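>>> here's my sequence, what's the structure:
(one chain, ligands or ions: 1)
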Amino acid sequence: MSSRYFTEEHELFRQSLKDFLQKEVVPHIEKWEKTGHIERFIWKKFGEMGFFGIAYPEEYGGMDLDLFYTVILLEELQKVNSGGFAAAIWAHAYLAMTHLNKEGDDAIKQKYLAPSITGDKIGCLCITEPFGGSDVAGMRTTAVKKGDTYVINGSKTFITNGVYSDYLVVCAKTNPELGNKGISIFVMDRETPGVSATKLDKLGWRASDTGEIAFDNVIIPASNLMGEENKGFPYIMQHFALERLIMGINAHARAEFALDYAQKYMSERQAFGRTIDKFQALRHTFADCYADMLMCKEFNYAIADRLNNGEYVVKEATISKLRSTKMSDEVIYQCLQFLGGYGYMEEYPLARLARDSRLGPIGGGTSEILREIIAKMVLDNKDYKPAT
Ligand SMILES: Cc1cc2nc3c(=O)[nH]c(=O)nc-3n(C[C@H](O)[C@H](O)[C@H](O)COP(=O)(O)OP(=O)(O)OC[C@H]3O[C@@H](n4cnc5c(N)ncnc54)[C@H](O)[C@@H]3O)c2cc1C
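Residues are numbered from 1 along each chain as shown. Purely as a prediction, here's the structure:
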């Protein structure tokens, strides 16, 4: 169907990734969901397979492949039915590593990006604070320059990979009086004195470690500043386009996974002497769900294509996340209903899917904030420009 976007090489990649996930990941998912700790060996295996490097330059060990390899990685990660495992992987590979690649200098890339590609180092991206996540410009964490160091004080929360990662990409105010024009981005080692983390308990994404992080007089070299001082806000906004599209793609993929599962279940489950996929009420609901999923999927592919061609698709990526995450919640809710009581049982995949999907309209910009952005762009002709 989607040969417009996917070549034979893409499909070979998809198949080898699927095989890898079934063999190396799926047997461990239940354990990681229970412990909330994804063991190190799998990060290393992902690195050995080259999965962390598909979007990154060859000089740091990557493969510099087009965005549709990333689309495939994201889609297949959703189909192991652990939103937490998928999130841990993509938060490392596309939140932390995107900043390293775009804003880090060569020394930072050698020290952090290259080992991130091999799976030797795991990263996280720390933007949200306990006082507020939507209002990024209102962050309170500070970075004060002292000689050839910065001293960081403050706290972050809800950080994916926030507990078990090796390094942190941290946004902090270098000039608090300048509001969103006073934010900068740094990288720091987990082991730096003054950094501490607490693991949070949560509804879904249970395999991933979500952390609250405190910075108490953390001293880092000034060379750990990424990009230019005070340019952090445009950097964050710029990468939000990719992040939001990623969350849109994740959403269509998990909805598709739910529909595939429900279809099979409905073709086997009997009620009143026939399989339940023969009941018109269910058939029509299924058709609606399928149509909504496919609309999002095709839209997301089209936007991925434009992003891949270098267009700045911030409005479209925002729409992708807004619509796809809503669709995913609704489709998964309905698929759980198709399974009746079994839908509510942990032994069947829909229970976890429903929990994991609920984060979609919250993380990486809530639906309310996304609507604000779209309204500003459409109604007020506001133009968001890429950072220069
Ligand atoms: C499991 C999980 C993983 C996460 N991972 C990361 C991560 O790796 N890194 C990171 O930095 N962050 C991460 N986040 C944080 C996430 O991005 C924030 O939770 C999100 O941006 C919302 O911020 P908040 O929770 O502070 O809500 P608030 O900003 O306090 O919002 C509360 C409510 O008010 C609404 N609201 C706020 N402002 C407006 C407005 N102007 N108009 C209308 N409504 C408004 C919101 O939509 C929401 O409904 C994660 C969160 C979770 C739950």
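>>> and the helices in this protein, which stretches?
8-20, 26-35, 40-49, 67-78, 83-90, 97-103, 106-108, 114-118, 232-268, 280-308, 314-338, 349-357, 367-379 (DSSP state H).
>>> burial measure for the residue lying closest to Y56 once chain neighbours are set aside, as a count.
Distances taken as Cβ to Cβ, 6 or more residues apart in numbering put G62 closest to Y56, at 3.1 Å, once the chain neighbours are dropped. Every residue, glycine included, has its C-beta placed from N, CA and C. Using other Cβ atoms under 10 Å, G62 is surrounded by 20 other residues.
>>> for G62, phi and psi?
The phi/psi pair for G62 (degrees, to the nearest 10) reads phi -90, psi -170.
>>> show me what contacts it?
Taking Cβ atoms under 8 Å, 6 or more residues apart in numbering, we find G62 in contact with G53, I54, A55, Y56, I117.
>>> pLDDT score for the last one?
Think I117. As predicted, I117 sits at a pLDDT of 98.
>>> residue contacts, the residue in the stretch 101-250 of the chain positioned nearest to the ligand?
Nearest residue of the stretch 101-250 of the chain to the ligand, counting by Cβ to the nearest ligand atom: G133, 2.3 Å away. By Cβ under 8 Å, 6+ apart, the residues touching G133 are I127, T157, F158.
>>> again, but for V25
I42, V80, F85.
>>> state the number of residues packed around the last one.
F85 is flanked by 26 other residues according to other Cβ under 10 Å.
>>> now G154. Nearest residue, chain neighbours left out?
Using Cβ to Cβ, 6+ apart and skipping residues adjacent in sequence, the residue nearest G154 is T141, 2.7 Å away.
>>> pretty sure G138 sits against F131.
Yes. Counting by Cβ atoms under 8 Å, G138 touches F131, with 7.1 Å between them.
>>> next, count neighbours for E11.
E11, neighbours per other Cβ under 10 Å, totals 13.
>>> same check, this time on V378
Neighbour count for V378, taken as other Cβ under 10 Å: 10.
>>> distance of it from the ligand?
16 Å (Cβ to the nearest ligand atom, to the nearest Å).
>>> now do that residue, the pLDDT please.
Value for V378, per-residue pLDDT: 97.
>>> check contacts around it.
With Cβ under 8 Å, 6+ apart, V378 has these contacts: K315.
>>> same check on M295?
Applying Cβ under 8 Å, 6+ apart, the residues contacting M295 are M327.
>>> from the ligand, how far off is it?
From M295 to the ligand the distance is 24 Å (Cβ to the nearest ligand atom).
>>> kindly report the same for T35.
Counting by Cβ to the nearest ligand atom - T35 and the ligand are separated by 17 Å.
>>> which parts of the stretch 51-200 of the chain sit against the ligand?
Residues of the stretch 51-200 of the chain found near the ligand (Cβ under 6 Å from any ligand atom) are 91, 95, 124-128, 132-134, 158-160.
>>> lowest-confidence entry in the residues you listed?
Among these, G132 has the lowest pLDDT, at 86.
>>> touching, it and S155? I think so.
No. No contact is recorded between G132 and S155 when judged using Cβ under 8 Å, the distance being 11.8 Å.
>>> out of these two, which sits in the more crowded spot?
S155 (16 against 13).
>>> in terms of pLDDT, where does P386 sit?
75.
>>> equivalent analysis for I108, please.
98.
>>> okay, the contacts of G133 in CSV with neighbour count next?
Listed next are the contacts of G133 as CSV, based on neighbours: other Cβ atoms under 10 Å:
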residue, neighbour count
I127, 21
T157, 19
F158, 20
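>>> pretty sure F6 contacts F68?
Yes. F6 is within contact range of F68, at 6.0 Å (criterion: Cβ under 8 Å).
>>> who's more crowded, the two?
F68 (21 against 17).
>>> now G204, nearest residue through space, not along the chain?
G204's closest residue in space is R355 (Cβ to Cβ, 6+ apart), at 3.4 Å.
>>> so for that neighbour, what's the pLDDT?
98.
>>> now do the contacts for the closest residue in space to L113 that isn't next to it in sequence.
Spatial nearest neighbour of L113, chain neighbours left out: L100 (4.4 Å); criterion: Cβ to Cβ, 6+ apart. Residues near L100 by Cβ under 8 Å, 6+ apart: I108, K109, Y112, L113, S116, G123, V169, V187, M226.
>>> just checking, the second one touches Y56?
No. In this structure, K109 sits apart from Y56 without contact. The criterion is Cβ under 8 Å, and the distance is 9.1 Å.
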